[in-house]
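Peer 1: Below: sequence and its predicted model.
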Amino acid sequence: MSRFLKSLALTCALGAGGMSLSACVTAVPEYVPLSGAAREALTSTEVVAPIRQSEIYIYVAPVNTGGQGGLIGALVAAGIEAGNASAAEEAVKPARDAIIDFNFDETLRQDLQSSLSQVSFLKVDGVRVVKDISLASINGSITNSPRDAVLMTAADYQLSTDASSVTVTLYANLFSSSPTMDAFKPAKGGDAKNVSGVGNALYRGKFIAMIPLDTPTGKRETNVAAWSADGGAKLRKALAQGSAEVAGKLARDIQQPPPPVLPAPAK
């Protein structure tokens, strides 16, 4: 599987809220606020960042076959997408080479530590990156945690199709890892077999930072060259900025009070 497809699978799985790719076919809410009662009950939170991705990639848009469905349409789309993905893999190489020593995982870890440590009620006890994003690993990070709750923060970073911008996306899911916090799990939609299932999240959010190239052109190769120049200076700066932005957005959002529950209309 190409780096692009691996990253796409991870983004889809974690963005859907569950930790399995099959969750992508199920409509799930992207945002679930954290209740005031849950905030007050928290005594400690572990932050875990599952990041399988190790290199930046170029986003490849799905192919529109113009209404040609069935097997033929699927084969046509698959062939075009494979070609586009292969071309994108070749085009992104200069950018990868320029920032080969840039550690996005550590950058994000430090940003999450800095931002979330300022959220007093979370009582963050460390941030750690994990590269194993299997269901067993993710679930184990929750069930084996000695803290009250585990905040899963999955990140993705990519260049746009024409390489005119960098996008960093962060998916956040807060799960109970103690009997104390189990009481705050959603009343409906829970999954007893999969602790990292979307229905078990006490809080969910998705945060995006998009950093455009200062002098974009209509040619992908030229844009990649601009990001890659001077040892990838612009690309390094954009990734660092994107990481800081999404970590900050998460810290601000999780502190927002949930919307008031309106009374049912009179009959």
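Peer 2: In hand now; what should we look at?
Peer 1: When you work out contacts or count neighbours from here on, use the C-alpha atoms and nothing else.
Peer 2: Noted.
Peer 1: Tell me how many other residues surround residue 90.
Peer 2: 13 (other CA atoms under 10 Å).
Peer 1: Ok, the one 3 residues further on next?
Peer 2: In terms of burial, residue 93 registers 15 neighbours under the definition other CA under 10 Å.
Peer 1: what's near enough to touch it?
Peer 2: Not one residue lies near residue 93 by CA atoms under 8 Å, 6 or more residues apart in numbering.
Peer 1: how close does it sit to residue 99?
Peer 2: Distance, residue 93 to residue 99, by CA to CA, to the nearest Å: 10 Å.
Peer 1: what ranges do the strands span in the stretch 151-267 of the chain?
Peer 2: Applying DSSP state E, counting those that start in this stretch to the stretch 151-267 of the chain gives strands spanning 165-176, 203-212.
Peer 1: give me the low-pLDDT residue ranges for the stretch 101-250 of the chain?
Peer 2: 188-190 (pLDDT under 70).
Peer 1: For the longest helix seen in the chain, name the packing helices and strands.
Peer 2: Using DSSP state H to define each element, the chain has its longest helix at helix 220-253. Judged by 3 or more CA pairs under 8 Å, 6 or more residues apart in numbering; DSSP states H and E, the packing partners of helix 220-253 are helix 70-91, helix 93-98, helix 104-116, strand 165-176, strand 203-212.
Peer 1: tell me the angle of the fourth one relative to strand 203-212?
Peer 2: Angle between the axes of strand 165-176 and strand 203-212 is 170 degrees (criterion: axes from the mean of the first three to the mean of the last three CA atoms, to 10 degrees).
Peer 1: Just the CA atoms of strand 165-176, as PDB, please.
Peer 2: C-alpha atoms of strand 165-176 as PDB (Å, rounded to 0.1, in the frame of the first residue of the first chain):
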ATOM      1  CA  SER A 165      -1.000  24.800   0.500                       C
ATOM      2  CA  VAL A 166      -0.200  22.600   3.500                       C
ATOM      3  CA  THR A 167      -3.100  21.200   5.700                       C
ATOM      4  CA  VAL A 168      -2.700  19.800   9.200                       C
ATOM      5  CA  THR A 169      -5.700  18.000  10.600                       C
ATOM      6  CA  LEU A 170      -6.200  16.800  14.200                       C
ATOM      7  CA  TYR A 171      -8.900  14.400  15.300                       C
ATOM      8  CA  ALA A 172      -9.600  14.400  19.100                       C
ATOM      9  CA  ASN A 173     -11.500  11.700  21.000                       C
ATOM     10  CA  LEU A 174     -11.700  11.600  24.800                       C
ATOM     11  CA  PHE A 175     -12.400   8.100  26.200                       C
ATOM     12  CA  SER A 176     -13.000   6.900  29.800                       C
END
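Peer 1: That strand: partners in the sheet, and parallel or antiparallel?
Peer 2: Paired neighbours of strand 165-176 in the sheet (DSSP bridges): strand 149-159 (antiparallel), strand 203-212 (antiparallel).
Peer 1: which residues sit against the last one?
Peer 2: Contacts of strand 203-212 with the rest of the structure, by CA under 8 Å, 6+ apart, involve 15, 17, 30-34, 164-175, 238, 241-243, 245-246, 249-250, 254.
Peer 1: related to what we said a few turns ago, deepest in the core, which of the helices and strands packed on helix 220-253 is it.
Peer 2: strand 165-176 (a mean of 25; mean count of other CA atoms under 10 Å).
Peer 1: so how far is it off the chain centroid?
Peer 2: Put simply, strand 165-176 sits 3 Å off its chain's centre (CA atoms, centre = their mean, to the nearest Å).
Peer 1: Likewise for stretch 39-57?
Peer 2: With CA atoms, centre = their mean, you get 10 Å for stretch 39-57.
Peer 1: how far does that stretch stretch from start to finish?
Peer 2: 37 Å.
Peer 1: May I see the buried residues of it?
Peer 2: Buried residues in stretch 39-57, counted by 16 or more other CA atoms under 10 Å: 39, 42-57.
Peer 1: Tell me which of these fall in helices.
Peer 2: Using DSSP H, the buried residues of stretch 39-57 in helices are residue 39.
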